[in-house]
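Peer 1: Provided below for reference: sequence and predicted model.
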Amino acid sequence: MILGLLEPFLSPVPAELLPRLSLYLDLLVRWNARTNLTSIRSPQEIVRRHFGESLFAARNLGDPLPETLLDLGSGAGFPGLPIALLYTGVSVTLAESQNKKATFLREVVRTLALPNVEVWADRAEALPKERRFDTVTLRAVDDMESALAEATQRATRQILILTTGVPSLPEGFAPEEKVPIPGGGRGYLLRALHLKT
């Protein structure tokens, strides 16, 4: 099931990725039954909307791949966890201030044995000021303006935004591309590059 649903977003889908995504999906469906991690309940829609869009973002990380990535307001791990599963050489920090979601993220990291993933169970603003990341990702954050302001402080190379609206980019970043997300929805990926001064 997973393979066919993911192909519009990432093709070819690496064979070794499928069992790990399947385990992640099982955990998410089980946890979601007792605590609200995502409003999407259908496993097929979770694969399409969450996994697919996250892997689409991964496909657009640029070349060379970033060494470090901060997923701001990670929620149930999107897009950060699928990116970390696809690119094990990228060091991913999942920033999630809601305790139940951070606890879930820790369980996924433990179960899937992901040495390249750190869960920051607090607001991203609480990260030490010197912590900077090549890439910052944003998806379905509550306060886009505040999140973008924080992303500006943390990103040294680019900000990737999975969105349906048109956010105003912070000073110092310029859009390189705006790519429609496959699947016929209204969403797109905005890739904003850091302007070198």
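Peer 2: Sure thing, it's come through.

Peer 1: so how far is residue 129 from the spatially most central residue of the chain?
Peer 2: Nearest to the mean C-alpha position of the chain, counting by Cα atoms, centre = their mean, stands residue 79 at 1.7 Å. Distance, residue 79 to residue 129, using Cβ to Cβ, to the nearest Å: 25 Å. Backbone N, C-alpha and C define where each C-beta goes, glycine included.

Peer 1: what does residue 136 give?
Peer 2: 15 Å.

Peer 1: show me the helices in this protein, by range?
Peer 2: Using DSSP state H, the helices of the chain run over 2-6, 17-34, 43-45, 53-59, 80-86, 99-112, 144-154.

Peer 1: and of the ones you listed, who's closest to residue 163?
Peer 2: In terms of Cβ to Cβ, the element of these nearest to residue 163 is helix 144-154, at 7.6 Å.

Peer 1: contacts for the closest one, please.
Peer 2: With Cβ atoms under 8 Å, 6 or more residues apart in numbering as the test, helix 144-154 has contacts from 70, 72-73, 124-125, 127, 131-133, 136, 138, 141, 159, 161, 163, 165, 167-173.

Peer 1: report the buried members of those.
Peer 2: Neighbour-count burial (16 or more other Cβ atoms under 10 Å) is assigned, among the contacts of helix 144-154, to 70, 72-73, 124, 127, 133, 136, 138, 141, 159, 161, 163, 167, 169-170, 173.

Peer 1: which of those lies closest to residue 186?
Peer 2: Closest approach to residue 186 among the buried ones among the contacts of helix 144-154 (Cβ to Cβ): residue 163, at 9.5 Å.

Peer 1: spatially, which two of the buried ones among the contacts of helix 144-154 are the most separated?
Peer 2: Farthest apart among those - using Cβ to Cβ - are 127 and 163, which lie 22.7 Å from each other.

Peer 1: how long is stretch 27-42 end to end?
Peer 2: 13 Å (Cα to Cα, to the nearest Å).
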